[in-house]
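Student: Provided below for reference: sequence and predicted model.
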Amino acid sequence: MIITTKITPGIDGVAKQSKSLDNYIGLGHSPRDKFGRIMKLPDTLIPVYFEVYTEVPETELGAVTDLVKSDPLEAKKRLGCAIVARYHGDKTAQEERQWFEHVFSRREAPPDTPELELEAAATTAFEIVRRFFGDQKSNSEIRRLFQQGSVTLNSQKITNPLEDVVPAEGDVFKVGKRVWFKLKLSSKEE
């Protein structure tokens, strides 16, 4: 049996979907990655992706094109839900949409933000971020994140890695576009 389909452009809107170009949405991607990659899609490709990758009837594709013209962000969210629901179920699709809106539209820390336990003693912002990442990032990578303005504490950008921080319960660090962690103060046993 042979199954054929249209060759669609990748999420960059330039070349065909390719793993080597990392411009594809793969079956093996998590629901969050699928939804996030769809949100990077150029507006012009939304109707094509609806046609090829969802089970939306052809009679409704005209409405999709109209929605793209009037509200492309909503069209992408619906596309994301349709694709995630197809492979992971409706509940997961709605959860991913809510997560996206919570994090990117409202710019809030996600509800599943990991916690880093610290003592309530003053330290540097660098030390806190380094402790969170452990061996995952080198000291020079962490310094670059600060220099690039990719680190915030409670939505305030920190560019000096040596800035003093007095940890407070519930402080939220954001590193880059997709990494958050909250501070949890440890209680000293006497």
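Tutor: Now that the structure is in, tell me what you want to look at.

Student: what about the nearest residue to K6 once chain neighbours are set aside, distance to I7?
Tutor: Excluding its sequence neighbours, the residue lying closest to K6 (C-beta to C-beta, 6 or more residues apart in numbering) is V52, at 5.4 Å. C-beta here means a position set from N, CA and C on the backbone, and glycine is covered the same way. According to C-beta to C-beta, to the nearest Å, V52 stands 9 Å off from I7.

Student: rewinding a little: cross-check the contact I'm expecting between the residue nearest to K6 and P9.
Tutor: No. With contacts counted by C-beta atoms under 8 Å, V52 stays clear of P9, the gap being 10.7 Å.

Student: more neighbours, those two?
Tutor: P9 (18 against 12; other C-beta atoms under 10 Å).

Student: Mind pulling the model confidence for the more buried one?
Tutor: Model confidence at P9, expressed as pLDDT, equals 92.

Student: A15 is in contact with that one, correct?
Tutor: Yes. Counting by C-beta under 8 Å, P9 touches A15, with 7.0 Å between them.

Student: Kindly export the longest helix seen in the chain (C-alpha atoms) in PDB.
Tutor: Ordering each helix of the chain by length in residues (DSSP state H) puts helix 72-88 first. Presented in PDB, the C-alpha positions along helix 72-88 are these (Å, rounded to 0.1, in the frame of the first residue of the first chain):
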ATOM      1  CA  PRO A  72      -4.100  34.700  12.900                       C
ATOM      2  CA  LEU A  73      -3.200  33.900  16.500                       C
ATOM      3  CA  GLU A  74      -6.500  32.300  17.200                       C
ATOM      4  CA  ALA A  75      -6.200  30.300  13.900                       C
ATOM      5  CA  LYS A  76      -2.800  29.000  15.100                       C
ATOM      6  CA  LYS A  77      -4.200  28.100  18.500                       C
ATOM      7  CA  ARG A  78      -7.100  26.200  16.800                       C
ATOM      8  CA  LEU A  79      -4.600  24.400  14.500                       C
ATOM      9  CA  GLY A  80      -2.400  23.500  17.500                       C
ATOM     10  CA  CYS A  81      -5.400  22.100  19.300                       C
ATOM     11  CA  ALA A  82      -6.600  20.200  16.200                       C
ATOM     12  CA  ILE A  83      -3.100  18.600  15.700                       C
ATOM     13  CA  VAL A  84      -2.500  17.800  19.400                       C
ATOM     14  CA  ALA A  85      -6.000  16.400  19.800                       C
ATOM     15  CA  ARG A  86      -5.500  14.100  16.800                       C
ATOM     16  CA  TYR A  87      -2.500  12.400  18.400                       C
ATOM     17  CA  HIS A  88      -3.000  13.000  22.100                       C
END
